[in-house]
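Colleague: Whatever this is, show me its structure:
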Amino acid sequence: MGRQNETVNVTTFTLPKAMNEQTFTLNVLNDKSYQLVSDGGFSARGQVGKVLEHDGVTMLVEAIHASPESQFTVSKFSTLGMINTLQNNLMVTETGKDTGVLSLTFTGEDREQIRQILDSITRNYLQQNVERKSEEAAKSLAFLAKQLPEVRNRLDVAENKLNAFRQDKDSVDLPLEAKAVLDSMVNIDAQLNELTFKEAEISKLFTKAHPAYRTLLEKRQALEDEKSKLNGRVTAMPKTQQEIVRLTRDVESGQQVYMQLLNKQQELKITEASTVGDVRIVDPAIAQPGVLKPKTALIILGSIILCLMLSVVGVLLRSLFNRGIESPLALEEHGISVYASIPLSEWQKARDNVQTIKGVKRYKQSQLLAVGNPTDLAIEAVRSLRTSLHFAMMQARNNVLMLTGVSHRLVKRLSAPTWRQSSARPTNACC
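Modeller: Got it, this is the predicted structure:
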């Protein structure tokens, strides 16, 4: 791989389909030459500024800014893949509302590369805008480029016929009347040709029902009528004069048409060259200093927020699927007798120690609640329970009593010692 800040500017790289999956490596020989190899056995040497063509592979290296023996991996990406990559990394936003000012942002790893990409995008957009504006002139120029040779050929044919007729008839002079008719006919043909150009322009803007278009058509019809009258006067002339008038008219009309087309071509070239687009590049691309992403602080904050949200969701799901009895009334609603409600002893809770030894939780129990604090509310509730059970067991078939609970510690708290101590007076020991 090339060292840091070393680059090779490759402007052209094409591969045959059979080599699309191969990996190519460019080995720098010096600042003017390189060697291109692949894992498929391809090997060729190239020069900077010259196209390398070998076995269907084409490469053009414009510049090498790397030390000898540096290596660069050259990859060929598909056009669609590159378009998708550019679209994913490019963001276009409008600066303000209805301002027409667009801001382009491109995200990438190489500052110089992303700057060049943005500059290329803006230049291409400006060029396309200008080309779209001058597209009409370009199409007209292309049409004239095809028509001019044909018009010139027809003019040459007409001139040859006129010269041949004059040579055949020696010298032929036209009388003043025939000369006037000829000049009028040539003038009318010139006006008709000019109207043809104007109609081509007006037809792009208006329909035939528009007053401007109708005026043009009326003028054309008037010229056609005048031309028909002149043709009638020519028909009344002798045949020799008719032929010389017809041939001379073809030559002069052809010359005028040819000159009109040349002038129109020059006008369109000037129009195309002077076309200005309606897009302006306000600022060139500038690479933002520093690292845009990843933002470590934002990632940490987002992780904390996500963990908190997951914790809350976990607690809610646990409470939803692990519902228990929260009130004695719920038991009574199901027909279960409740003899007593024993509250949690804060005195006992404060004296229970939990210690972790080698990853194992060990509980250290303090002395019995009935001994340490015989006046605790929990002990009073146990005494009340004992009394209630005494009367309840009078109707039982035997004297067997089973204690159950949600945990083994709860059962131990209400085991025989606590039960026995609770039956004693607070000031006396239990026998």
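
Colleague: Quick one, grab the pLDDT at K269.
Modeller: Listed pLDDT for K269 reads 85.

Colleague: Run a quick neighbour tally on it.
Modeller: If you count neighbours by other C-beta atoms under 10 Å, K269 ends up with 14. (Glycine included, C-beta is placed from N, CA and C.)

Colleague: Touching, it and L141? I think so.
Modeller: Yes: in this structure, K269 is within contact of L141 by C-beta atoms under 8 Å, at 6.7 Å.

Colleague: The most centrally placed residue in the chain sits in which helix or strand?
Modeller: Closest residue to the average C-alpha location of the chain: Q87 at 2.8 Å, with C-alpha atoms, centre = their mean. Per DSSP states H and E, Q87 falls inside helix 79-89.

Colleague: likewise L144?
Modeller: In the assignment (DSSP H and E), L144 maps to helix 135-168.

Colleague: which stretches of the stretch 51-200 of the chain have low pLDDT?
Modeller: 169-175, 177 (pLDDT under 70).

Colleague: Tell me the first helix or strand C-terminal of the helix holding L144.
Modeller: Using DSSP H and E, the helix or strand that follows helix 135-168 towards the C-terminus is helix 176-202.

Colleague: What mean pLDDT does whichever helix or strand comes after that next one get?
Modeller: Remark: after helix 176-202, the chain's next helix or strand is helix 211-235, criterion DSSP H and E. For helix 211-235, mean pLDDT is 84.

Colleague: Pull out the buried positions in the helix holding L144.
Modeller: 137, 140-141, 144, 151, 155, 158, 162, 165 (16 or more other C-beta atoms under 10 Å).

Colleague: Stretch 35-44 now?
Modeller: For stretch 35-44, the neighbour count (16+ other C-beta under 10 Å) marks 36-38, 42 as buried.

Colleague: Stretch 191-209 now?
Modeller: Result for stretch 191-209 [16+ other C-beta under 10 Å]: buried residues 191-192, 195, 202.

Colleague: Check stretch 51-59 too.
Modeller: For stretch 51-59, a neighbour-count test (16+ other C-beta under 10 Å) marks 52, 57, 59 as buried.

Colleague: Those in strands, which ones?
Modeller: With DSSP state E as the criterion, strands contain 52, 57, 59 from among those.

Colleague: Let me have these in CSV, extended by distance to T248.
Modeller: Shown next, in CSV, are these (distance: C-beta to C-beta, whole Å):
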residue, distance to T248
L52, 64
V57, 65
M59, 64
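
Colleague: So which residues of the chain form strands?
Modeller: Under DSSP E, the chain gives strands at 7-14, 24-28, 33-38, 43-47, 51-54, 57-65, 71-74, 90-94, 102-106, 353-357, 360-364.

Colleague: Make JSON lines out of those strands and add distance to Q127.
Modeller: Below are those laid out as JSON lines (distance: least, C-beta to C-beta, whole Å):
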{"stretch": "strand 7-14", "distance to Q127": "18"}
{"stretch": "strand 24-28", "distance to Q127": "31"}
{"stretch": "strand 33-38", "distance to Q127": "32"}
{"stretch": "strand 43-47", "distance to Q127": "30"}
{"stretch": "strand 51-54", "distance to Q127": "25"}
{"stretch": "strand 57-65", "distance to Q127": "21"}
{"stretch": "strand 71-74", "distance to Q127": "28"}
{"stretch": "strand 90-94", "distance to Q127": "18"}
{"stretch": "strand 102-106", "distance to Q127": "16"}
{"stretch": "strand 353-357", "distance to Q127": "73"}
{"stretch": "strand 360-364", "distance to Q127": "75"}
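
Colleague: Export the helix holding Q87 to CSV, keeping only CA atoms.
Modeller: Output of helix 79-89 as CSV, limited to C-alpha atoms (Å, rounded to 0.1, in the frame of the first residue of the first chain):
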residue,chain,number,x,y,z
THR,A,79,-21.3,2.7,-12.9
LEU,A,80,-24.5,2.0,-11.0
GLY,A,81,-22.6,1.2,-7.8
MET,A,82,-20.7,4.5,-7.9
ILE,A,83,-23.9,6.4,-8.6
ASN,A,84,-25.5,4.9,-5.6
THR,A,85,-22.5,5.6,-3.4
LEU,A,86,-22.4,9.3,-4.5
GLN,A,87,-26.1,9.7,-3.9
ASN,A,88,-25.9,8.2,-0.4
ASN,A,89,-23.0,10.5,0.5
